[in-house]
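>>> Next input, structure requested:
(one chain, ligands or ions: 1)
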Amino acid sequence: MKICVVGSGYVGLVTGACLADFGMAVTGVDKDAAKIAALLRGEIPIYEPGLEEIVEKNVRAGRLRFTTELASAIREARAVFIAVGTPPLPDGRADLSFVRQVAESIGDNLNGYKVIVTKSTVPVGTGQMVENTVRERSGGGQEFAVVSNPEFLREGSAIEDFLEPDRVVVGARTQRAVDVMLDIYGPLKAAGVPFVVANVESAEMIKYASNGFLATKISFINEVAEICEAVGADVEVVARGMGLDSRIGPKFLHPGPGFGGSCFPKDTRAVAQIAEQHGKRFEIIDAVLSANDRVQRRMIEKVDQAFGGLAGKTVALLGLAFKGDTDDMRESPAIPVIEGLVDRGAAVRAFDPAAMSAARAMVPALPPITYCQDAYEAATGADGVVIATEWNQFRALDLAELRSRLKSPLLVDLRNLYQPLRVAAEGFRYVSLGRADAAPEGSRG
Ligand code: UDX
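Numbers count the residues shown, from 1 in each chain. I've put the predicted structure just below:
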């Protein structure tokens with residue numbers, strides 16, 4: 001089957017490459033000529049483990065190609081996936097202008113039955129908007145179906161999430177459209193992956209409700225961590241004790257500096273907006289958003305206290321990306337930490353394995369910081385280290401080497417990557433989330 005994937009950003013590239021891997025003939029389209037030229041040269045514009053290999057393999061097999069020519073790609077295709085950006089507007093609503101433009105082009109080029117699939121996270125009701133737009137532009141002479149097929153890809157494990165999903169959600173109005181989707185996802189169906197077939201509105205809502213719930217879980221454990229500090233409990237044990245209850249589950253119970261990224265902040269704000277537009281309130285999500293802001297501010301206080309004030313201090317910051325295994329800086333919780341530190345008079349020496357060029361590009365949105373080659377260079381001459389991102393390489397730091405570079409042996413771990421006693425045994429004062437601070441024996445008080 002011929003498939004056109006419009007938008008060669010994160011979701012579009014992963015979707016296109018994986019569908020080609022399922023044996024589909026995929027054309028990836030983007031209006032950004034430089035991006036398409038890079039893809040044609042075999043350069044992948046984003047950092048995602050495994051993506052380059054799967055793109056290369058399917059391009060070589062002739063199942064995946066890239067173009068800026070939207071009209072012809074639409075005309076050839078049986079299914080058109082819309083995977084363009086839906087950036088947040090200043091009031092939190094999703095900007096649907098790119099989705100609308102693609103729907104217009106599909107309408108202009110509708111030359112036979114097509115299934116139009118929205119992959120981008122879009123407000124409930126967008127499927128209907130796409131349907132109306134395509135019908136208007138095509139003059140109503142051709143049949144088509146609009147399907148909502150939300151993605152649940154996590155950055156850093158997107159390929160695995162696509163090829164081995166917990167479920168596939170298909171929102172459609174007709175069986176004919178569902179059948180086309182089942183053909184496309186044949187290998188997943190054969191592997192026993194559950195399919196949730198719903199109407200378009202329910203499918204759109206599943207995405208928002210899922211992301212809202214996961215964000216709630218993170219904010220929940222972040223607030224539990226704060227209370228653990230006050231009562232002398234250990235959040236890691238508490239999270240494990242909670243997570244073993246199969247009704248709760250262990251995932252997304254890791255305390256941190258607040259959730260960031262391209263999805264959770266945007267989707268939680270958007271679902272709160274959707275509720276409001278319908279005269280409702282999503283009170284839990286409102287609370288999650290304000291808890292996430294507060295957690296981010298609390299991190300600055302924590303670092304300030306650990307350093308005994310920040311004015312004139314130098315902080316080695318390990319991690320800039322919003323989470324490990326990505327170069328993505330969007331809504332990274334490291335940003336408010338940096339702003340807070342610089343505001344209070346500290347100098348920041350930062351290292352991130354993948355996100356430094358994205359961070360450099362954020363000037364002037366990000367205050368000036370010194371970028372370093374590795375964790376040890378960042379620590380050289382600093383008054384302490386702050387870990388902000390859960391990169392695996394930060395779990396395996398050479399603590400003796402790190403300590404030898406620092407002016408004073410302080411490690412503030414905003415991701416709880418280490419066992420407090422182990423770090424203290426290496427001569428560090430160790431401050432983490434939801435756990436008692438640790439210090440080398442004999443150094444307390
Ligand atoms: C998320 C969803 O998981 C995915 O299904 C959806 O399609 C897009 O949004 P992503 O943004 O890539 O994926 O990252 P995710 O791994 O979910 O983490 C989001 C944020 O929450 C990160 O800042 C991460 O560090 C933080 N997080 C996650 C925690 O602080 N604690 C956790 O236990 C889990």
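>>> from here on, contacts and neighbour counts on C-alpha atoms
Noted.
>>> Give me the next element, helix or strand, following the longest helix along the chain.
As assigned by DSSP state H, the longest helix anywhere in the chain is helix 200-231. Counting by DSSP states H and E, the next helix or strand C-terminal to helix 200-231 is helix 235-243.
>>> tell me what the following helix or strand past that next one is packed against?
For helix 235-243, the following helix or strand on the C-terminal side (DSSP H and E) is helix 264-277. Identification of packing neighbours for helix 264-277 by 3 or more Cα pairs under 8 Å, 6 or more residues apart in numbering; DSSP states H and E yields helix 200-231, helix 283-307.
>>> what's the angle from the first one to helix 235-243?
So the one you mean is helix 200-231. Orientation check (axes from the mean of the first three to the mean of the last three Cα atoms, to 10 degrees): helix 200-231 against helix 235-243 gives 140 degrees.
>>> Buried residues, helix 200-231. List them.
200-209, 211-229 (16 or more other Cα atoms under 10 Å).
>>> Mind giving me the packing neighbours of it?
Going by 3+ Cα pairs under 8 Å, 6+ apart, helix 200-231 lies up against strand 144-148, strand 168-171, helix 235-243, helix 264-277, helix 283-307.
>>> The last one too?
Other elements packing on helix 283-307 under the criterion 3+ Cα pairs under 8 Å, 6+ apart are helix 200-231, helix 264-277, helix 334-343, strand 410-413.
>>> Turn the ones you listed into CSV, columns for distance to the ligand and mean pLDDT.
Below are the helices and strands packed on helix 283-307 laid out as CSV (distance: least, Cα to the nearest ligand atom, whole Å; pLDDT from 0 to 100):
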stretch, distance to the ligand, mean pLDDT
helix 200-231, 5, 97
helix 264-277, 6, 92
helix 334-343, 9, 97
strand 410-413, 13, 98
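>>> mind putting these in JSON lines, distance to residue 32 included?
Formatted as JSON lines, the helices and strands packed on helix 283-307 follow (distance: least, Cα to Cα, whole Å):
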{"stretch": "helix 200-231", "distance to residue 32": "27"}
{"stretch": "helix 264-277", "distance to residue 32": "24"}
{"stretch": "helix 334-343", "distance to residue 32": "28"}
{"stretch": "strand 410-413", "distance to residue 32": "40"}
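>>> which stretch of helix or strand covers residue 417?
Per DSSP H and E, there is no helix or strand for residue 417.
>>> What residues does residue 327 make contact with?
With contacts defined as Cα atoms under 8 Å, 6 or more residues apart in numbering, residue 327 is in contact with 46, 47, 321, 354, 355, 356, 358.
>>> For residue 59, which of the helices and strands packed on helix 200-231 is the nearest?
Residue 59 sits nearest to strand 168-171 of all the helices and strands packed on helix 200-231, at 25.3 Å, using Cα to Cα.
>>> tell me the mean pLDDT for the closest one?
For strand 168-171, mean pLDDT rounds to 98.
>>> Over to stretch 70-79?
Across stretch 70-79, pLDDT averages out at 98.
>>> Also stretch 148-157?
Average pLDDT, stretch 148-157: 93.
>>> So what touches it?
Outside stretch 148-157, the residues that touch it by Cα under 8 Å, 6+ apart are 11, 48-49, 117-121, 127, 159, 161-162, 168-172, 200, 203-204, 207, 324-326.
>>> Give the buried residues for stretch 180-197.
By neighbour count on 16+ other Cα under 10 Å, the buried set for stretch 180-197 is 180, 181, 182, 184, 185, 187, 188, 193, 197.
>>> Among those, which ones are in strands?
Within those, residues falling in strands by DSSP state E are residue 197.
>>> Export the buried residues of stretch 180-197 as a markdown table, with columns for distance to the ligand.
Shown next, in a markdown table, are the buried residues of stretch 180-197 (distance: Cα to the nearest ligand atom, whole Å):
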| residue | distance to the ligand |
| --- | --- |
| 180 | 23 |
| 181 | 19 |
| 182 | 21 |
| 184 | 20 |
| 185 | 18 |
| 187 | 21 |
| 188 | 18 |
| 193 | 16 |
| 197 | 18 |
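>>> Columns pLDDT on top of the buried residues of stretch 180-197, output as JSON lines?
Output for the buried residues of stretch 180-197, formatted as JSON lines (pLDDT from 0 to 100):
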{"residue": "180", "pLDDT": "98"}
{"residue": "181", "pLDDT": "98"}
{"residue": "182", "pLDDT": "97"}
{"residue": "184", "pLDDT": "97"}
{"residue": "185", "pLDDT": "97"}
{"residue": "187", "pLDDT": "97"}
{"residue": "188", "pLDDT": "97"}
{"residue": "193", "pLDDT": "98"}
{"residue": "197", "pLDDT": "98"}
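>>> about what we covered before: out of the helices and strands packed on helix 200-231, which is the most enclosed?
Of those, the one with the most neighbours on average (mean count of other Cα atoms under 10 Å) is strand 144-148, at a mean of 26.
>>> just checking, what packs against the helix or strand following that strand?
As assigned by DSSP H and E, the chain's next helix or strand after strand 144-148 is helix 158-163. When contacts are defined as 3+ Cα pairs under 8 Å, 6+ apart, helix 158-163 packs onto helix 10-21.
>>> could the helices and strands packed on helix 264-277 be laid out in CSV, adding distance to residue 346?
Converted to CSV, the helices and strands packed on helix 264-277 look like this (distance: least, Cα to Cα, whole Å):
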stretch, distance to residue 346
helix 200-231, 25
helix 283-307, 10
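>>> Show me the one of those helices that comes nearest residue 338.
Among the helices and strands packed on helix 264-277, helix 283-307 comes nearest to residue 338, with 8.6 Å by Cα to Cα.
>>> Is that closest one in proximity to the ligand?
No: using Cα under 6 Å from any ligand atom, helix 283-307 stays clear of the ligand, with a minimum separation of 9.9 Å.
>>> which residues touch that helix?
By Cα under 8 Å, 6+ apart, helix 283-307 touches 212, 215-216, 219-220, 222-223, 257-259, 265, 268-269, 272, 310, 313, 333, 336-337, 340-341, 383-384, 386, 410, 412, 414, 431.
>>> Output the lowest mean pLDDT helix or strand found in this structure.
Lowest by mean pLDDT, DSSP states H and E among the helices and strands of the chain is helix 264-277, with a mean of 92.
>>> Let's see that one as PDB, backbone CA atoms only.
Extracted C-alpha coordinates of helix 264-277, given in PDB (Å, rounded to 0.1, in the frame of the first residue of the first chain):
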ATOM      1  CA  PHE A 264       3.300  16.600  28.700                       C
ATOM      2  CA  PRO A 265       3.400  20.400  29.300                       C
ATOM      3  CA  LYS A 266       1.600  21.200  26.000                       C
ATOM      4  CA  ASP A 267      -1.000  18.400  26.300                       C
ATOM      5  CA  THR A 268      -1.900  19.100  29.900                       C
ATOM      6  CA  ARG A 269      -2.400  22.800  29.100                       C
ATOM      7  CA  ALA A 270      -4.400  21.900  26.000                       C
ATOM      8  CA  VAL A 271      -6.700  19.400  27.800                       C
ATOM      9  CA  ALA A 272      -7.400  22.000  30.500                       C
ATOM     10  CA  GLN A 273      -8.300  24.400  27.700                       C
ATOM     11  CA  ILE A 274     -10.500  21.900  26.000                       C
ATOM     12  CA  ALA A 275     -12.400  21.400  29.200                       C
ATOM     13  CA  GLU A 276     -12.800  25.100  29.600                       C
ATOM     14  CA  GLN A 277     -14.100  25.600  26.100                       C
END
